[in-house]
Each structure stands twice: as structure tokens, then as C-alpha cells.
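Asker: Let me see the structure of the following:
(2 chains)
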Amino acid sequence: MSLVLGIDLGTTNSLCAIFEYEEITMIPNEDGEYITPSVVFVDSIDNIIVGQRAKNQKLLYPDYVISEVKRFIGSEKRYFIKNREFSPIEISSFILKKLKDDAEKILKQKIEEAVITVPAYFNEIQRKATFEAGKLAGLNVLRIINEPTASCLAYGYGKKDVNKLVLVYDFGGGTFDVSLVEINEGIFNVIATSGDNMLGGIEFDTLIANDILKDFKNKTGKDLKEDKFALTKIYDAAEKAKINLSYEKESSIIIPFISANEKGPLHLEYKITREEFELMIDKYVNYTIDLVKKVIQDSDHNISDIDSVILVGGTTNIPLIQLRLENLFGKKIEKSMDPNQVVAIGAAIQGAIIKGTVDDIILVDITPLSLGVEITGGLFVPVIDRNTKIPCENSKMFTTIADNQKIVEINIYQGERKICSENFKLGTFILSNIRRAKAGEPRIKVTFSLDVNGILTVSAQDVDTGVFQQITVDASTKELKLSDLQKIIKTSRNFEKEDIEFEEKQRLRSNLKTIKNIVNEKIQQSKFPLEIKNEVLELIKEIDLTISTASYEKLKNYYEALQYYNDEIDYHEQKYLMKGLLS
Amino acid sequence: MDELMNDYYSILKVAPDSSMEEIKAAYRKLVFQLHPDKNKDPSALEKFKKVTKAFSVLSNSKSRIEYDISLENQYKIQFFKQNMSDIILKLDNQLKSRINQVNKKILKEYKIDDITLSLPFSEIMQRLFYSDDMDVQKTAIEALIEKDKKIAYTILIRFLKKTKNEDIIIFTLKNLEKNYGPRVLEDIILINFPDMIEIKFAILEILENNYNENARELAIRLLEDKDPQIRLKTIKLLYKKDKALILQKIYNLLSDPDKKVLVEVKDIYNSLKKEIKKNQE
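Answerer: The predicted structure follows:
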């Protein structure tokens, strides 16, 4: 029986596990370690080296070592090493290949299939790119599953007939995810999920590192910000100090001869207490707690409904995080499983479910972000709402905005903002050969369909003519801009006010256009005095010129003016009509 | 009928009064049959999509109530469509005498005492929704409004969606108009009952008995109603009550797409012309 490798492809570390003979086994790498750093090194003879040995080279060859590639997967970022160019997908595939090769050596058999985990808050393009990386590594990727969901599978496996509401708090090296899962006698129903793709333990390392840099500059006057060697040393030390502070009240760092000035070598000495560290990270921890509350609210539950809280990811070792969660839920948090291993274990279980070796569990996951299309004025209309169970399908009707419009361009976006440009663009396609008709008459049915991997297919159909077109979002044709990666943070923060203002303005603009056309038509036909007629036409001309740039106030003034003229014309016509009737 | 056969309860194969446990159990069974991990058949996938959609709505108490109300309306509209001609005939012939009766009854106010007011909303609602005695229902309506105008409004709108008794519909509408101002009828038409012809007919009857400035606003709305029968009735009403308005709108009315309405409008137009000429002479 062929084995399915369950892979936790992490930002800082990766792990894998298999399910065999009713048992889950963690698979060590060839050095006997369960944890393989997600670091890639290109050596002097162009060999690709992955893992701890690559990480060790970072000090000597910082330019040839790539880490944290997961943060850029699916983006347009490129790594240049010795005239060679690598995409994030390629770098990820090197890590996956290493895990696969090592597992084959340990298990002494070929491995061809895998289940790979991704953060729940990954978008379409990042998922598709992870899939591609697996393919490049020679793996048939059976499924992409969400990390918090995988953890929940690991937690619930073997506990038969459980009915529980479980909150997964997954704080890893590079990402934060929170998911609410209902376990109902073997069915793992994900109810809601939220998170931030740009918040992880790395951010806490950076906080400490920045403090070290500041401290060093104050003491010696020397700025190490641009010193790659020193920075690597400092980041390493910062990470160690962070880990230490989970167990000790205080941590000190000594790095002899980190730099030098005209008098000789400079040594770095730095001390940080747990309180100081907690003060630094407080704001971020609060933010994660807010997301936890939001997920519970979204799902129409109360905090008291939660039966268990599962901690996943190394960052959850920080005592402050555990304390905040215990305060929020008013109970002790379970720590029965190794937070580093649960994700890989869950992936292995999902592999066994797909293979049919585990037949009393099913996972029903959800889509983390809304999917939709752009309408007039750059506004975003969701077709599939976030937190919808997958696989799923939904349709919405749209129409044309101009008379005799022959083609419709459908822009597909993913995100929670009401403004398209603030969401991720997933693709564009054009539906042509729409029947000739007045604006607003044709009925165009746009259907979004998500498969069990969360991969999107979009189709559009002119209901009256039957013209039909369909596309699948493809990572190889579409890459995220680097600026897009920052949007990931924005989507989860509060932008409601700004969005509403934008929406209001767009609505006013479109109302203004409508009344402008009405008045324009009426005035042409009316028997109004010529000077008033010219006045109105002048105003219309002015509006045409400034409509896309004018302020909200200005647009409002225009609208009121036109409304006034509209009433005037009607009144005038009325008088005319009366005269006609009387004559 | 298709939509009704495909309602979420039928998809999950449960009765509409099932408990949450029963719904979860039914969903669980279907997931094990239909999930792509268990069943590779494409038709199973289609069914699975429907099942998850149904479950998402029915597993949340809030969305389930909303769905129940909309389903109820669907049935009602369905029922109404099937029996429309009968009902309209009946309404037309009988409504007038009924209205007069109700008008007399409405003069008699139901005196609400403190004991009634001290009852919780749920208790008063039970009397409104489940009693067969019209006086009990009417008292309940007044008690609700007296207890809390704001809450009463939403309850009464819900009640309007549920009840089938025309007397009570008219009584409720009258009370709404009296307590929340005439604009409320407009809101009811536009927001709550855009497709309920019977409610619109009832509102027109009320307008006819009490035509004033506010009724005029509402009548203007109804002149643009998508149902030609409503437009026709509104035009007839206005010809009796408000010739000036008809005159003002006559050009719009002459472009009505419905033939029957158009014939009526042309008649009115001609007689208006005659009247004006006569006045001049």
C-alpha cells in the first residue's frame, strides 16, 4: 500500500508524518531530527542544500541562503543567487523534495503522494502555488488543507463519538490563524476562520532585534542595521532569547566582537526581562485575541460555548499568550499535544481519509475569504461569502451598463474590502457576443465554484443567448504583487468606515449620472427659454468634465442643482400641458 | 413547485419542525454518503453542495428563522397564485362591506389595563399569533403597541406575513397607520410585501376611506406598481378622489404598457378634457 506523506510546510520549520497500520508516525530527516528548518542554501558548486545545514551557512553566506520563503509563495518575488533566478515556488519545491527524499530513505520505499498544509488565511493564488511546488518536487498533492483544521483532526482523532466545539489558536513562525471547529461524531465541521498571514513569531524576534540594535547604538554610537553578518547574529540571538523568556524571567545575550570602531572590537551585551518582552508584544497579542473574539462572534456563538482550546505553533509557548487565552475563556488551556507536531499529524490523517484507511472521519472545511466580482465604480460584490463550506457553488446575476454593449469584462477578486483595488485580483475574463440590448437588459449569470481543495472555477453565461465561458484560477498565469502581500494584513483590520465613504461616493456619482441623462434628454425636447436651456447644458458639460475627480460635497451640489432643474422642467411641461388641455 | 420541492428541509430529509439535534444527525448521515472523500460520483458532489448550503442556513438559529419566514411567504404566494382570481373576486365584492364593519369596530378601542401591559412580549405575542378570537387578537395588537411601539412594529410586520384573515390584516394596517404615521403603509408595500397583492388591495381600501395629503404620496407610489391590477385600481380611486393628481400624471399614465389600464386611462383623459372645457364655458 502506497503511503501518503503528511507535510507541514512551515515558514521557519517543516515536519512530516505518515499514517500506517492504524498509527501515526512522525518521520525524522536523515539527521534524525523531526524538525527540518525551511531554509535553502546554494553552495559553491551549485548544490541545493536544505535544512539545518543550510541554516548553519547563513552566517557565512547570508546572500546564498533563503529563508521564510512561505511568506512570498505565489508572489512575483524572485531570488537571485550567482546569476541564477529562483521563484518562491521553486524554493518551496526544494524543501518539499528534501522532506520526500529523507522520508523515502527512512521508510525504505517510494513516496509519491502527499497532503500539504497551508495557513487557513492563504488566498487562492497562494494555495495554487503551494500545489505547484508539490508537483515540482515530484509529489502528487492529494489535498491542500488548512493548518488549524489539520491540528483539529489530530486532536479529535481516536476520540470517537465526541461532540465538541473546538477553537484552534495557531500562532506559528510566520502566520497567525484562528479557527472554530465543531466535531460531531466523526464530522469535523469548520465553522469560521480568521487570521493574519504576516504575523508570526518572526515579528517578535524582530522586536527584540530592533531593541538590541537601538541599545547597541546608544551604548557605542554604531548602527548595525546594514551589517548583514551582525544582523544574522542578532536575529539568531533574539530568537533564542525569545524562546528562553518562555521559561525564564530574564534572558541575556552576549555576542563578543560583533563589530569594531577606531578603538578596537565592540561586544554586544544585552539583557531583557520577561516583563519588558511582554510589553513589546502586548499589542500583537491583543490583536490576536480580538481576532479570536471576532471568529466566535461571526459564527453566532458565545465564548462560553467553546469546549476546548487547542494551541498550535511554537509561538503559543509564550506564557503571556496562554494567560490571555485562559483569561478570555475562564479555564485552563489544554496542552496535551506537541504544538509543533499536530499540523503534520493532521495532514497524515487527512491522507488516510482520502485513501479510505480511515473511514469514520470526514473533514468539511470552509473558504477563509469572500470571492466575488467587480461592478461599476470599482466596488466588490461577493458571489461566495467567506466561511462558506467547500465544495460549493453560487451564482449571481449581472447586467450591462451601456446600450448595445457587446462584451462584458469580469474581474475576479478575493477579500473582505468593499473596494476591489484593496482586495486580491485573481483574474479577468471576457464574455463576448452578448445580444444587442439596452443597458441593464441582458442577464449575465456568473457562477463561482470551489472544489474540495478550495480551487476556484468561474463561469459566465448570457442567459438569453446561452453564450458561455469558464476559467480556473491558475498560479502559473497569475502572481501576487509584493504590495498585494501587505494587503493580507489590511483585509483583517478594520476599514469599514473608509469603505462606506467610498461606496457612498460611488453611489452618488452613479445617481448623478442618471439624473444628468434624464435632464439632458428633457431639456433638449422642452420649450424652455433658450438662456435657461444654455445654463443647464453648461452645467451638464461641467459635470461631465469633473465627475470622476470632484469631491463628495461638490457632487452633492451638482446633484441638487440638477434635481432643481428637473423639477423646474416638469413644472414647465405641466403648464404647457394645461395650456394644451385648455385650448 | 420546483422551488418548494427543493426547500432546505427536503434537501436534508428532515421535517420543518425538527430539532437542532435531528438536523445535525441528518446532515452527518448525508456528509458520510456524499462528501468527495467518500463518493467520487459527480452527481454526489452536486448533492453535497446543496446539503452544505441547506445545513449552513438551518444550523444557525437566526438564519433558520429568517428562512422559515421566507419559506412561509413562498408557500403563501404559491397558494395565492393558484387561487388568485378567486381571491381577487372575493376581495372586490366583499371588502367594501367588511371595511365598513371594521371601521365601526375600530372606533371601539380596546382598553388595555396594567395587568395586560405587565405581561411579557412573548405572552402577548402568543395571544396574537395563536388565538382564534378576533377580539383577543385585536386587544393583543393594541397592547403590543402600547407596551413598546418600536418592538410592536416588527412583531406586527411579522404577524402580517403570517395571518390570512383579511379582517385582521385591515385592522393591523389601520393601527399601524394610526400609530406610526401614514408613511408606514408605504414602507410596508415597498419593503415588507413587494409581492403581496392582497395587502396592497387592503391598503387601497384604507386610502379610499381616508384620502388626505399622505394618502396622496402613497397613491403616487402605487401608480407605478408593477402589477397592472393595482395600477388600475389606484387610477380609479384617484379619479374619484384627486383629479388634480391624475391630471398631473396623465402623460405618464398614457404610456402604461398594460392594455386594460390604458383603456381606462384614455377614458379618464377624455372625460377630463370634457370637464375642463365645460368649466371654461
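Asker: What residues does chain B have near chain A?
Answerer: Counting by CB under 8 Å from any CB of the partner chain, the residues of chain B close to chain A are B:24, B:27-28, B:31-32, B:35-38, B:45, B:48-49, B:52-53, B:55-56, B:60-62, B:247-248, B:250-251, B:272-273, B:276, B:280. C-beta here means a position set from N, CA and C on the backbone, and glycine is covered the same way.
Asker: Those, buried ones only, as a PyMOL selection?
Answerer: Filtering the residues of chain B next to chain A down to the buried ones (16 or more other CB atoms under 10 Å in any protein chain shown) takes a single PyMOL command:
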select buried, chain B and resi 24+27+28+31+32+35+36+37+38+45+48+49+52+53+55+56+60+247+248+250+272
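Asker: Please flag which of the residues of chain B next to chain A sit within helices.
Answerer: B:24, B:27-28, B:31-32, B:45, B:48-49, B:52-53, B:55-56, B:61-62, B:247-248, B:250-251, B:272-273, B:276, B:280 (DSSP state H).
Asker: The helix or strand containing residue B:158 packs against which elements?
Answerer: Using DSSP states H and E, residue B:158 falls within helix B:149-162. Packing partners of helix B:149-162 (3 or more CB pairs under 8 Å, 6 or more residues apart in numbering or on different chains; DSSP states H and E): helix B:61-82, helix B:121-130, helix B:134-147, helix B:166-180.
Asker: And it, what's buried?
Answerer: B:152-153, B:155-161.
Asker: Can you say which helix or strand has residue A:55 in it?
Answerer: Using DSSP H and E, residue A:55 falls in helix A:52-56.
Asker: Next SSE downstream of that helix?
Answerer: Counting by DSSP H and E, the next helix or strand C-terminal to helix A:52-56 is strand A:65-67.
Asker: Each with direction, which strands does that following strand pair with?
Answerer: strand A:39-42 (antiparallel) (DSSP bridges).
Asker: got the phi/psi numbers for the residue nearest to residue A:375 when sequence neighbours are not counted?
Answerer: Nearest in space to residue A:375, with sequence neighbours left out and distances taken as CB to CB, 6 or more residues apart in numbering or on different chains, is residue A:381 at 5.3 Å. Residue A:381 has phi and psi values of phi -120, psi 110 when expressed as degrees, to the nearest 10.
Asker: Phi, psi for the residue of chain A found nearest chain B please.
Answerer: Using CB to the nearest CB, residue A:389 is the residue of chain A that sits closest to chain B, at 4.0 Å. Main-chain torsions, residue A:389, degrees, to the nearest 10: phi -70, psi 140.
Asker: likewise residue A:449?
Answerer: phi -130, psi 130.
Asker: now it: how far from residue B:173?
Answerer: Using CB to CB, to the nearest Å, residue A:449 is found at 45 Å from residue B:173.
Asker: And residue A:282, by the same measure?
Answerer: From residue A:282 to residue B:173 the distance is 57 Å (CB to CB).
Asker: Who has more neighbours out of these two?
Answerer: Counting neighbours by other CB atoms under 10 Å in any protein chain shown for residue A:282 and for residue B:173 shows that residue B:173 has the greater number, 21 against 12.
Asker: I figured the more buried one hits residue B:180, correct?
Answerer: No: shown here, residue B:173 and residue B:180 do not form a contact pair, counting by CB atoms under 8 Å, at 10.6 Å.
Asker: so where's chain B shaky on pLDDT?
Answerer: B:1-6, B:72-109, B:182-183, B:186-187, B:189-195, B:214, B:279-281 (pLDDT under 70).
Asker: Not counting sequence-adjacent ones, nearest residue to the residue in it that chain A sits nearest to?
Answerer: Among the residues of chain B, residue B:52 lies nearest to chain A; the distance is 4.0 Å by CB to the nearest CB. In space, and not counting its chain neighbours, residue B:52 is closest to residue A:389: 4.0 Å by CB to CB, 6+ apart.
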